[in-house]
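Asker: I would like the atomic coordinates for the input below:
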Amino acid sequence: MSDSLIIIPTYNEKENIEKIIRQIFSLEKSFHILVVDDGSPDGTSIIVKKLQNEFSEKLHIQERTQKLGLGSAYIHGFRWALNRTYQFIFEMDADFSHNPNDLIRLYDANTTQGGDLSIGSRYVKGVNIVNWPMTRLLMSFFASKYVKLITGMPIHDSTAGFKCYKREVLQTINLNKIQFVGYAFQIEMKFKAWKYGFNIIEVPVIFTDRTEGASKMSSGIFMEAVLGVMQMKLKSIVRSWKR
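Answerer: As a prediction, the model looks like this:
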């Protein structure tokens, strides 16, 4: 039994899913994987279920009937993990934008460096992104600057989706009250962890844009984040006044 679960949300990732699973299982540390598939019409879940014959004890899948959003998929995975004995719960994309080799570095940040939440950060040491269009890179970079300015969080990459939580963090955050399901979900989870006083460590990583499959980013997802940050900050101020 591993102490670590990697949650991978999927929607139409047939080009990547088997390769990412095999690479994770080739690492020297033992990880378990939970794929949360939102009814991919391309057969992503079929590939995962076939691989379960080979990795029966450590590969799991939860199938949902429709596309319900990234945040919803992760919360589904968090609850699944908390109903079991996993002590470290990871978020990771299926498309190799997150390097599987960095999983061990995130794990080490929580187990040997005192972290409660470790973040694979693109911006903690310069800008470490490969193959993104300049417009998207600037949008992401300045979004993190904007979040830092508005919220006061001392985090360089607030929109990062490559993370490792200690179990205690997810047990403390009320998952029923997470408001956002898109880009802003990543910000909201970090904001709540920071507000609860958990130690957050940014681990520098190189983010590489996907080479296969289609990106799920959209202008609507980005706008949710922009407006959501203001809502989160205002709510935290109101709660402070009520005390």
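
Asker: pull up the distance across stretch 164-184, start to finish.
Answerer: Chord length of stretch 164-184, first to last residue, is 18 Å (Cα to Cα, to the nearest Å).

Asker: buried ones in that stretch?
Answerer: By 16 or more other Cβ atoms under 10 Å, the buried positions in stretch 164-184 come out as 164-167, 169-170, 173, 175, 178, 180-184. C-betas here are computed from N, CA, C, even on glycine.

Asker: repeat that for stretch 112-128.
Answerer: By 16+ other Cβ under 10 Å, the buried positions in stretch 112-128 come out as 115-124, 128.

Asker: bridged to V35, which residues?
Answerer: Bridge pairing for V35 (DSSP bridges) gives the partners I8, I61.

Asker: that one and I6, how far apart?
Answerer: 9 Å (Cβ to Cβ, to the nearest Å).

Asker: and for I20?
Answerer: Between I20 and I6 the distance is 9 Å, computed by Cβ to Cβ.

Asker: neighbour count winner among those two?
Answerer: A count of neighbours by other Cβ atoms under 10 Å puts I6 above the other of I20 and I6, at 25 against 22.

Asker: surely the more buried one is in a strand?
Answerer: Yes: I6 forms part of a strand when assessed by DSSP: H, G, I helix; E, B strand; the rest coil.

Asker: apart from its neighbours in sequence, what residue is nearest it?
Answerer: F90 (4.3 Å; Cβ to Cβ, 6 or more residues apart in numbering).

Asker: do I have it right that that neighbour meets K166?
Answerer: No: judged on Cβ atoms under 8 Å, F90 makes no contact with K166 at a distance of 11.1 Å.

Asker: nice, that's everything, thank you.
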